[in-house]
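S.K.: sequence and computational prediction follow.
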2 protein chains.
Amino acid sequence: MFVLGIDPGVSSCGYGCVAGGGDELSTITAGVITTEAGAPLPERLADLARELRGLIGELSPAAVAVERVFFQTNARTAMSVGQASGLALVAAAEAGCAIAQYTSNEVKQAVAGYGSATKEQVQRMVAVLLGLREPPAPSDVADALALAICHLTVAPRARRIAASAARGGRP
Amino acid sequence: MFVLGIDPGVSSCGYGCVAGGGDELSTITAGVITTEAGAPLPERLADLARELRGLIGELSPAAVAVERVFFQTNARTAMSVGQASGLALVAAAEAGCAIAQYTSNEVKQAVAGYGSATKEQVQRMVAVLLGLREPPAPSDVADALALAICHLTVAPRARRIAASAARGGRP
């Protein structure tokens, strides 16, 4: 089962596709979609939407995990992150993928064991979990791979807990 | 020339199409796109994207005017407004329309003469400018019509000023 993680952004949108399901996790592909800094915003968003659709069409992931963004940070960045996340969610929904959203803290918790891990720690943990020689860079790529890992590890556990609770037992 | 104004939102996205170009402004159509409150966010965003594409395809506006949003307000609303605005900008760009963005203050300035007009004042001014018997409601519809009016009145004036400045004259 392929899971595609997307760290949304207009200037730089990280993506990382991870195969999992059993005990082994492996990287299918990862990278960054960038849009032309000088171009008008609608054009940049349309380019990003096209690239995301192409990527999802090519990889046919079972699920897409998109970072859930909050707006406590820089208002200018927040705006474009919101726009990019909307495009990612629509591209995934239109392709019929299962979709999950995780906060940055949930992702850090899943891959590094605690929610306030640094970017470098996340990059190194992703490298360990996927058996990569080098930590993935830039951090947008590591974050996208971490989102996919988070979905592959957290989602099944949540389902087991829910199923167990439904049976009246303990996880 | 048709201009479609879009007041972006996920729960309620206002739209208003105005014909203009000469001295007369007239309403072609206006309304609100709503998405199902209980549905998952990606589904709601995909529904909104489909409706926006359909609307733009049907009306073939020369230009689409989308409200430019800032994130000083409620963080939850801001998130979905950002996502909706991204979808509107992409739908317009993919249809080959000219695109403009105006802040709420610029729109109020254009239709009501000052940037801090109330919602009711905007609704009443839109009714006057478009020759409507009743102020358009809800306010999302009035805001969308006001965006279209703003584009039809402000954009040509800005072009005249720019052309005059280029000739070395005064506006």
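M.R.: Nice, I can see it. Numbers count the residues shown, from 1 in each chain, chains lettered A, B, ... in the order given.
S.K.: which elements pack onto the biggest helix by length in chain A?
M.R.: Secondary structure of chain A per DSSP state H: the longest helix is helix A:139-166. Under the contact definition 3 or more Cβ pairs under 8 Å, 6 or more residues apart in numbering or on different chains; DSSP states H and E, helix A:139-166 sits against strand A:2-7, strand A:12-19, strand A:26-34, strand A:63-68, strand A:98-103, helix A:104-112, helix A:119-130. The way it works is simple: take the backbone N, C-alpha and C, and place the C-beta from them, glycine included.
S.K.: how far off strand A:63-68 does that helix point, in degrees?
M.R.: Interaxial angle of helix A:139-166 relative to strand A:63-68 (axes from the mean of the first three to the mean of the last three Cα atoms, to 10 degrees): 110 degrees.
S.K.: for helix A:139-166, give the mean pLDDT please.
M.R.: The predicted model assigns helix A:139-166 a mean pLDDT of 87.
S.K.: buried stuff in it?
M.R.: A:139-152, A:154-155 (16 or more other Cβ atoms under 10 Å in any protein chain shown).
S.K.: what residues does chain A put near chain B?
M.R.: Selection of chain A residues close to chain B by Cβ under 8 Å from any Cβ of the partner chain yields A:40-43, A:45-46, A:49, A:69-72, A:75, A:78-87, A:89-90, A:92-94, A:99, A:101.
S.K.: are any of those residues buried, and which?
M.R.: For the residues of chain A next to chain B, buried by 16+ other Cβ under 10 Å: A:41-42, A:45-46, A:49, A:69, A:71, A:78-87, A:89-90, A:92-94, A:99, A:101.
S.K.: what's near enough to touch A:V128?
M.R.: Not one residue lies near A:V128 by Cβ atoms under 8 Å, 6 or more residues apart in numbering or on different chains.
S.K.: what does A:G131 give?
M.R.: A:S26.
S.K.: circling back to that earlier point, what's the angle from the longest helix of chain A to strand A:98-103?
M.R.: Using the same axes, to 10 degrees: helix A:139-166 against strand A:98-103 is 110 degrees.
S.K.: helix A:139-166 versus strand A:12-19: what angle between them?
M.R.: Here the directions of helix A:139-166 and strand A:12-19 differ by 50 degrees (the same axes, to 10 degrees).
S.K.: mind checking how far helix A:139-166 is from the chain centre?
M.R.: Relative to its chain's centre, helix A:139-166 lies at 11 Å (Cα atoms, centre = their mean, to the nearest Å).
S.K.: so that helix versus helix A:119-130, what angle?
M.R.: 60 degrees.
S.K.: picking up where we left off before, please list the members of the buried ones among the residues of chain A next to chain B that lie in helices.
M.R.: In helices, defined here by DSSP H, the members of these are A:41-42, A:45-46, A:49, A:78-87, A:89-90, A:92-94.
S.K.: who's in contact with the residue in chain A positioned nearest to chain B?
M.R.: Here chain A gets closest to chain B at one residue, A:G82, 2.5 Å apart by Cβ to the nearest Cβ. Residues in contact with A:G82 (Cβ under 8 Å, 6+ apart) are A:V69, A:F71, B:A78, B:M79, B:S80, B:V81, B:G82, B:Q83, B:S85, B:G86.
S.K.: lowest-confidence entry in these?
M.R.: When the contacts of A:G82 are compared, A:F71 shows the smallest pLDDT, 64.
S.K.: A:G57: how many residues sit nearby?
M.R.: 11 (other Cβ atoms under 10 Å in any protein chain shown).
S.K.: give me the pLDDT for it.
M.R.: On the pLDDT scale, A:G57 gets 98.
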